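**Student:** Please work out how this folds:
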Amino acid sequence: AALYLDAPVTDIRSWPGGVGSGTRSPREWEECLTIYGMTEESSAAYLQNSLEGAATLAAAGIPIIIVAGDADTAVPLDENAAILERHYRQLNGTVKMIVKPGVGHHPHSLEDPGPVVDFIVGAVG
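**Tutor:** Numbering: from 1, shown residues only. Predicted coordinates:
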């Protein structure tokens, strides 16, 4: 098993919440608050983002490859994927991040998906 994450949201406050430099998406943010049973105020204390599950994944030996653009204004790299990458390394998890220079949230993937395929094949045998 392996995870391929493409421009991942790792903190709902960044997107769709728009806290920090992320783009606020009002309709999705309201839906998110409803699903998680939160208010705008209580979301500030929300700690159950995707980093919480990272320890379980790292302990299980699940490798992660992340592809993200460094010009993503909707889901900023430094508020999402970069935090997950650092955290996963601290947990001694196997992680590789491919940063697409000058690319925003779209297009997803890579023109040549070979590096992603190679990582997954090498990671899972």
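**Student:** Can you give the distance from the lowest-mean-pLDDT helix or strand in the chain to the centre of its chain?
**Tutor:** When each helix and strand of the chain is scored by mean pLDDT, DSSP states H and E, helix 50-59 comes last, with a mean of 88. Here helix 50-59 is found 12 Å from its chain centre; the criterion is C-alpha atoms, centre = their mean, to the nearest Å.
**Student:** Next, the residues that contact the helix or strand following it from outside, please.
**Tutor:** Next in sequence after helix 50-59, counting helices and strands by DSSP states H and E, comes strand 64-69. Strand 64-69 is contacted by residues 2-8, 57, 75, 77, 80-81, 84-85, 88, 93-105, 108-110, 116, 119-120, 123 when judged by C-beta atoms under 8 Å, 6 or more residues apart in numbering. Yep, even glycine has a C-beta here, placed from its N, CA and C like the rest.
**Student:** And stretch 25-35, by the same measure?
**Tutor:** 12, 15, 16, 17, 18, 39, 40, 43, 74.
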